[in-house]
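Trainee: need a 3D model of the sequence below.
(one chain, ligands or ions: 1)
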Amino acid sequence: MERARDPYELTRARMVEEQLARRAIADERVLAAMRKVPRHLFVEEALRDRAYGDHPLPIGEEQTISQPYIVALMTALLELAGTAKVLEIGTGSGYQTAVLAELARRVCSIERLPRLAERARALLEGLGYDNVWIRVGGGTLGWPDEAPFDRILVTAGGPAVPPPLFQQLAEGGRMVLPLGDEANQTLTVVDKVGGEMRTRTHGECKFVKLVGKYAWDA
Ligand code: SAH
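Mentor: Residues are numbered from 1 along each chain as shown. This is a model prediction of the structure:
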């Protein structure tokens with residue numbers, strides 16, 4: 001039986017072309033993943049027609065789904081070749097999780113708010129992702145039982161690299177995270193080379209705050 005046609009397919013292709021490819025997202029695998037993942041299903045029904053716009057959107061509980069360009073940029077910076085085990089902090093809607101799941105061997109994702117975690121888990125399961133594990137908890141402590149991780153992505157803004165996350169990063173691994181104050185951050189790439197931190201920055205961004213130990217108060 002043929003699958004029902006996705007009414008947003010063209011809108012999504014246009015988003016990839018106009019917002020990502022034209023803004024120098026060159027990793028074809030990232031573009032293909034974002035052409036595939038049905039972003040409109042990760043927002044509430046009333047917001048579906050805006051899901052492919054060039055902006056973040058509210059997902060409830062005062063949180064947001066990131067702007068498509070930011071999702072693409074962070075994913076491209078991770079340089080995923082299909083074999084990585086990835087830790088994500090801040091599942092939120094689960095949209096970024098799905099994009100990671102397209103490009104990684106396995107994704108472990110931690111969300112502190114149970115309602116968001118449950119919704120994301122149900123949605124990703126329904127979409128057939130069987131390489132995603134979602135847990136409710138304080139993500140700044142990482143997921144010790146599953147460490148080490150080849151890649152770590154933090155999708156909420158904190159003041160500094162939480163030490164447990166760097167510890168759980170594999171040698172030669174890479175972490176991407178927004179660092180700064182509560183209002184504005186700098187997208188930061190941290191590589192673990194010989195056990196040491198190598199850091200470079202990658203432009204300004206604006207995320208909801210990372211809450212918990214080594215981060216901000218709720
Ligand atoms: N990548 C998500 C963005 C979600 S916004 C998406 O595409 O939808 C950031 C999320 O981080 C929020 O859901 C927030 O609840 C969560 N968060 C903040 N601090 C956290 C922490 N210490 N551990 C786990 N999740 C956290």
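Trainee: list the contacts of residue 193.
Mentor: The neighbourhood of residue 193, defined by C-beta atoms under 8 Å, 6 or more residues apart in numbering, consists of residue 172. All C-beta spots, glycine's among them, are computed from the backbone N, C-alpha and C.
Trainee: repeat that for residue 194.
Mentor: Going by C-beta under 8 Å, 6+ apart, the list of residues near residue 194 reads residue 171.
Trainee: residues contacting the helix ranked longest in the chain, please?
Mentor: Assignment by DSSP state H gives helix 114-126 as the longest helix of the chain. For helix 114-126, contacts defined as C-beta under 8 Å, 6+ apart pick out 41-42, 59-61, 63, 91-94, 97-98, 101, 109, 111, 132, 134-136.
Trainee: pull out the buried residues from stretch 131-142.
Mentor: Residues 132, 134, 136, 138, 139, 140, 141, 142 are the ones in stretch 131-142 that count as buried (16 or more other C-beta atoms under 10 Å).
Trainee: do it and the ligand meet?
Mentor: Yes. Applying C-beta under 6 Å from any ligand atom, one finds stretch 131-142 in contact with the ligand at 138, 139, 140.
Trainee: follow-up on the earlier one: and the longest helix of the chain, how far out from the chain's middle?
Mentor: The chain centre lies 15 Å from the centre of helix 114-126; the measure is C-alpha atoms, centre = their mean, to the nearest Å.
Trainee: after it, which helix or strand is next? Please name it.
Mentor: Next in sequence after helix 114-126, counting helices and strands by DSSP states H and E, comes strand 132-136.
Trainee: mind exporting stretch 180-190 as PDB, just the C-alpha atoms?
Mentor: Only the C-alpha atoms of stretch 180-190 are listed here, as PDB (Å, rounded to 0.1, in the frame of the first residue of the first chain):
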ATOM      1  CA  GLY A 180      26.700  32.400  27.700                       C
ATOM      2  CA  ASP A 181      24.300  34.200  30.000                       C
ATOM      3  CA  GLU A 182      20.500  33.500  30.300                       C
ATOM      4  CA  ALA A 183      19.600  35.800  27.400                       C
ATOM      5  CA  ASN A 184      22.300  35.200  24.800                       C
ATOM      6  CA  GLN A 185      24.800  32.600  24.000                       C
ATOM      7  CA  THR A 186      27.700  31.700  21.700                       C
ATOM      8  CA  LEU A 187      27.500  28.400  19.800                       C
ATOM      9  CA  THR A 188      30.500  26.500  21.100                       C
ATOM     10  CA  VAL A 189      32.300  23.400  19.700                       C
ATOM     11  CA  VAL A 190      34.300  21.400  22.200                       C
END
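Trainee: does the ligand sit close to stretch 41-53?
Mentor: No. If you take C-beta under 6 Å from any ligand atom as the test, stretch 41-53 misses the ligand, and the best it gets is 6.5 Å.
Trainee: now do that stretch: distance to the chain's middle.
Mentor: Chain-centre distance of stretch 41-53: 18 Å, with C-alpha atoms, centre = their mean.
Trainee: okay, and for the chain, where does confidence drop off?
Mentor: Applying pLDDT under 70 to the chain flags residues 1-4.
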